[in-house]
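[1] coords please:
(one chain, ligands or ions: 2)
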Amino acid sequence: MPTSRPPSSPGLTIEPLHGIAGSPGVAIATALVLEPGTGRIPRRTVLKEEIPLELERYADAVEEAKAQIAEVHTRVAAKLPAEHLKILEAYQVMLGDPSLASSVHAEIEERNRNAEWAVEISVQQIVREFDLLDDAYLRERRHDVEFVGDRLQRALAGNAPRSVGAMRLTEPGQTRVRRPTPPLGVHVAQPTIVVAHDLSPADTAAMIREPIVGFVTEVGTRTSHTAIMARALEIPAVVGVAGALASIRTGDIVIVDGLRGEVHIRPSTDMAARARARGDRHFSRTQLLRKRLREPMTLADGTRVVLKANVELPTEALLAVEHGAEGIGLYRTEFLYIDRKEAPSEDEQFELYRTIAQMISPRTVTLRTFDLGGDKRSPAISIPDEANPALGLRAIRLALREPALFMAQLRAMVRASAYGELRVMVPMVSSVAEFRECRSLLDRAIAEVEAAGHEHGELPLGMMIEVPAAAVCADLFAREAAFFSLGTNDLVQYALAIDRASQQLASLASPFDPAILRLIANVVRAAREANIPVSICGAMASDPLAALLLVGMGIRELSMEAAAIAEIKEAMRRMTLEECEVLAAEVMTLATAAEVELCVAETFAPRLSDLLGGEDLTAPPPIVSSRPPPIA
Ligand code: PEP
Ligand code: MG
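    Ligands and ions are numbered 1, 2, ... in the order given. Have a look, this model is predicted:
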């Protein structure tokens, strides 16, 4: 457990740390290192100027916990004997105990710990003192101290800064804020780069309203949900940086180079100037590309390809169209659940889906039913701890075990279909039986909505193809599903048996692997024979070289983070369908991912070098893509 350390002293040049380019762009700012904690208690070193705020948060938490206990006291006063009420009174006294307060103050003021961490340490100290007592009765009182600590942690969590999950749309363009419990109590006053061992998707989402300009994590890959979220938020990120916590200290100036996958600690003036120039070049290039966003998307020979946006947060829907998206190809609805204690109600979801349907209309919005489980957990739904959560109760499996929650979501989608072009998409389907169960639940939802007198429109039901079983049996699914969308992030994970968050194995988890290409080809063939649309919404779609290969394989619709659309559009404009098809035929004869990558790079990279950051893609290390910066 690292303790708080001062920033590194100036004068030393430190070797850059290398990781995976998780989200493009270059950021230079002060680091905030999030110390790994136990459980859900956020531990972090606070800057000097944050100390008064942490003290205030602690004082507020004490008052709130006292008020809650007083409220319980009033409620049960008439029902409980006096000796039980005394326990509640004792809790009040403990909350106001000056020795607890002075210990917490010392932890915050002298050791620069955030309020949660300070409370955790102070409570543990008192508990240890109780443990040493001879009197068994008094020893047992340790539980009361722990209870008081727990009340304080809850109050602090409710009193943490607002998160992105707090935002939901009520009218087009208008936002409303509710008061959630964000996963991490991170709040900063100045541009900051967050350095952490890991950030859950909820942690990352929670930072949107803070001036956080970059992320560095020790774990993760380009397809881990944290990197996906960073790209959605257009915040430069380097993930999978081994040793980041040991090397970077809170207060250090850090460069996050999300183009090269490098982190520079306390850079020299020269180094910072070069990084800034690189960031500026990236910015100008993407600004240039964005000027052509309104032009229709065609290959050099006029072949039409549709580019849509992946959306995680309601606010991104607004940006999708600005970025030239021709609809939303993947709306990850699980992000509505991840940072809140109660699942969103049917009405709340209906309003949100309706707003988005209207905002995107006449384009289509593909709403994916909640893909919770794995690394996306919600306090609103209890999911047992499993040895392999990615192979466990996740996505549709969880939805079918929680029919009340699933039906509420389906009804909300059905009602919203009266206001725009919506499609429902089911994640992680692995058997036809499972898909049929979804079909009958959606039919039931439609019947219930009709019985309640609500209007609805057409609502095609399709599925993600992201489990190898579904890709292999695509012909069977194509008889029942209205459309397919390839989720290559999970398809790679499950087909190659490589955890998508494992930076150790990231270089092996290639979507160019012949096994993946064969699965995709099988899905495209099945969809074509059954005459149903097939698209791709995995991160493979936002790599310019991979996107061209996919078009050559027969895919005509790609969905990606909105900020990547301009670049993919430009890459496609430069090639003809014939070139893409010839390449696709050639790579199907190759035996390894490296051979495929080299073949694709040799064919197209020379004509895309400006988009690919000028890297030499015919030499290892493999492809680095670049993404545009945020639209101002
Ligand atoms: C995928 O698996 O490719 C996908 C798009 O879904 P997610 O990244 O949300 O798991
Ligand atoms: Mg997936």
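[2] now the strands for the stretch 451-600 of the chain?
    Using DSSP state E, counting those that start in this stretch, the strands of the stretch 451-600 of the chain run over 461-465, 484-486, 534-536, 557-561.
[3] SS state for Gly22?
    strand (DSSP: H, G, I helix; E, B strand; the rest coil).
[4] in contact with it: list those residues for me.
    Contact partners of Gly22, counting by CB atoms under 8 Å, 6 or more residues apart in numbering, are 215, 217, 220-222, 224, 226-227, 230-231, 237-240, 258, 261. Heads up, the C-betas are built off the backbone N, CA and C, glycines and all.
[5] and the protein, which residues reach ligand 1?
    With the criterion set to CB under 6 Å from any ligand atom, the chain comes near ligand 1 through Ile228, Leu330, Arg332, Asp371, Glu466, Gly487, Thr488, Asn489, Asp490, Cys537, Gly538.
[6] what separation do you get for the last one and Pro16?
    Spatial separation of Gly538 from Pro16 under the definition CB to CB, to the nearest Å is 30 Å.
[7] quick one: which of those two has more around it?
    Gly538 (29 against 18; other CB atoms under 10 Å).
[8] residue contacts, the more buried one?
    Counted by CB under 8 Å, 6+ apart, Gly538 has contacts Thr223, Glu466, Leu486, Gly487, Thr488, Asn489, Asp490, Leu491, Val492, Pro511.
[9] what about the helices in the stretch 401-550 of the chain?
    Under the criterion DSSP state H, counting those that start in this stretch, the stretch 401-550 of the chain contains helices at 403-416, 432-451, 468-472, 474-478, 488-496, 514-530, 544-552.
[10] I'd guessed Ser510 sits against Leu598; true?
    No - with contact defined as CB atoms under 8 Å, Ser510 does not reach Leu598; the gap is 11.7 Å.
[11] about what we covered before: so which of the contacts of Gly22 sit within helices?
    Thr226, Ala227, Ala230, Arg231 (DSSP state H).
[12] okay, these in a markdown table with distance to Val72 and pLDDT next?
    Formatted as a markdown table, the ones in helices among the contacts of Gly22 follow (distance: CB to CB, whole Å; pLDDT from 0 to 100):
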| residue | distance to Val72 | pLDDT |
| --- | --- | --- |
| Thr226 | 38 | 78 |
| Ala227 | 44 | 85 |
| Ala230 | 42 | 85 |
| Arg231 | 45 | 86 |
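[13] which bits of the stretch 351-500 of the chain sit near ligand 2?
    With CB under 5 Å from the ion as the criterion, the stretch 351-500 of the chain comes near ligand 2 at residues Glu466, Gly487, Asp490.
[14] list the contacts of the closest residue in space to the second one that isn't next to it in sequence.
    Put plainly, it is Gly487. Distances taken as CB to CB, 6 or more residues apart in numbering place Glu466 nearest to Gly487, at 3.2 Å, with adjacent residues excluded. The contact partners of Glu466, by CB under 8 Å, 6+ apart, come to Pro427, Met428, Leu486, Gly487, Thr488, Asn489, Asp490, Leu491, Tyr494, Gly538.
[15] switch those residues over to CSV; also include distance to His197 and pLDDT.
    Below are these laid out as CSV (distance: CB to CB, whole Å; pLDDT from 0 to 100):
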residue, distance to His197, pLDDT
Pro427, 27, 98
Met428, 27, 98
Leu486, 31, 98
Gly487, 26, 98
Thr488, 27, 97
Asn489, 21, 96
Asp490, 23, 97
Leu491, 27, 98
Tyr494, 25, 98
Gly538, 26, 96
